[in-house]
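Visitor: Sequence unavailable; structure follows:
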């Protein structure tokens, strides 16, 4: 290895630069070249991002009906586990190794390379690649967890887990490479210092996951019609799909929002890649945006409640939580670029835009409002970043240099969003069609019919030996007890009952 590494050495009164060859680096104690505070902050930030996974699981579980609550919590953790393995095997390799602008090389397959070497080779503080790989791996897990909310009331867990494994490889990893790899094409719209401004994933995490969730929702809802599968959906099935649902546990929503809020300090603050003033500024901006978004969401729901009988003059807890999350999403691409006095503008605008169009989710069966909140707020944040990004804020880490082209920068931000939407939307659709073709072909070869419509994810969760409050119906015939256990409805709320015969097939 002939690469040379450059380290900035900061003393109390001056800054010097040390150039060291790879051979010398490996011949000495690597801890000599890193600041313990930077590594510690990256480790803490990684843990905070991981904390957002159960936070989002609790949020999804709370806003879901009781019949899908457990599966939402379990699926968020299972998605993290699946993507964690994918990231270790080849996700990091695709995203951060090699010299290609779109796809990585085989340099660190299964993390076999020595990851103690520094990440990047520009002037400034350094962190080891192993710390950076862990941090970015948590981002990949959280992005997949956002998508998992699209499965509620429309899909089976195993199908989704296979999908998300493939999706992470061919959709998320190339988009993450384009933005966060110094060689990524999104960093070279107008030269090395004039690329897209996406500090912590407004496009990479939120817009990509939101578009994926929307495409997944639409495809799963209409797959029987698209592929002319039998049995077709009955009218009662459609009524179950389209019926309005309400949160079954608001406490879980509040707790989930709190965990997301806390974790977002690592999400945005850790993206400064060190314990520096840019990280502090990003954390302050994150907090202010969440505060402003929560207040705005509450006020909007308060105004709308005046038109509903019995709700006039009352505040909405869900409105606050949605507004706070929208504010957090909106500030994500901007946290390390904008002065923190502008953060409330991001929170207010993001929350307002999300609340105004929230009812559109029912048109494409997005039960958890993923596209409305993550997609809309992420889009708003990307555009506002072009207007408020400042070079002196980026320079708070001591070495980042950016050039904001204002109107041209707005075009760069918008172009990046359009490319990400097209890539994630088309990529998701192709993966789903590919999987569906294999499933349909396999069933035809084996002579197995298409299974009947199933709405509830929790039918795939074991209850009788894992839930303490599961009480089977008493039976006078002991021999029939096990069969009755199998036939027992899993949960009462929202569970469709078996029907004999059929309504008008469509």
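Guide: That came through fine. Note that this is a predicted model, so its numbers are computed, not measured. Numbering: from 1, shown residues only.

Visitor: pLDDT at the closest residue to residue 184 other than its chain neighbours, what is it?
Guide: Residue nearest to residue 184 in three dimensions, not counting chain neighbours: residue 178, with 4.1 Å by CB to CB, 6 or more residues apart in numbering. Backbone N, C-alpha and C define where each C-beta goes, glycine included. Residue 178 carries a pLDDT score of 90 in this model.

Visitor: Just the residues contacting the helix or strand encompassing residue 178, thanks.
Guide: Per DSSP states H and E, residue 178 falls inside helix 173-180. By CB atoms under 8 Å, 6 or more residues apart in numbering, the residues outside helix 173-180 that reach it are 91, 94-96, 101-104, 136, 139-140, 183-187, 196, 198, 201, 203-204, 208, 416, 419-420, 423-424.

Visitor: Recalculate using a threshold of 6 Å.
Guide: Contact partners of helix 173-180, identified using CB atoms under 6 Å, 6 or more residues apart in numbering, comprise 91, 94-95, 102, 184-186, 198, 204, 208, 420.

Visitor: out of those, who's nearest residue 279?
Guide: residue 198 (16.8 Å; CB to CB).

Visitor: separation between the residue nearest to that closest one when sequence neighbours are not counted and residue 103?
Guide: Sequence neighbours aside, residue 333 is the residue nearest to residue 198 in space, at 4.6 Å (criterion: CB to CB, 6+ apart). Noted for residue 333: a distance of 24 Å to residue 103, by CB to CB, to the nearest Å.

Visitor: Also residue 44?
Guide: Taking CB to CB, one finds residue 44 at 32 Å from residue 103.

Visitor: next structured bit after the helix holding residue 178?
Guide: helix 208-226.

Visitor: for stretch 62-75, the distance to its chain's centre please.
Guide: In terms of CA atoms, centre = their mean, to the nearest Å, the centre of stretch 62-75 is found 17 Å from the chain centre.

Visitor: typo on my end, it should be stretch 380-398
Guide: That offset, for stretch 380-398, works out to 22 Å (CA atoms, centre = their mean).

Visitor: likewise stretch 169-176?
Guide: Using CA atoms, centre = their mean, the offset of stretch 169-176 from its chain centre is 13 Å.

Visitor: buried set for it?
Guide: Within stretch 169-176, the residues scored as buried using 16 or more other CB atoms under 10 Å are 169, 171-176.

Visitor: Which member of those residues is positioned nearest residue 247?
Guide: Scanning those for proximity to residue 247, where the rule is CB to CB, the winner is residue 172, at 28.6 Å.

Visitor: List the residues that contact that closest one.
Guide: Applying CB under 6 Å, 6+ apart, the residues near residue 172 are residue 143.

Visitor: cutoff 10 Å now
Guide: Going by CB atoms under 10 Å, 6 or more residues apart in numbering, residue 172 touches 83, 86-87, 91, 94-95, 139-140, 143-144, 147, 164, 204-205, 208-209, 212, 423-424, 427.

Visitor: how far away is the spatially most central residue of the chain from residue 288?
Guide: Among the residues of the chain, the one closest to the centroid is residue 143, at 2.5 Å (CA atoms, centre = their mean). From residue 143 across to residue 288, the span is 24 Å (CB to CB).
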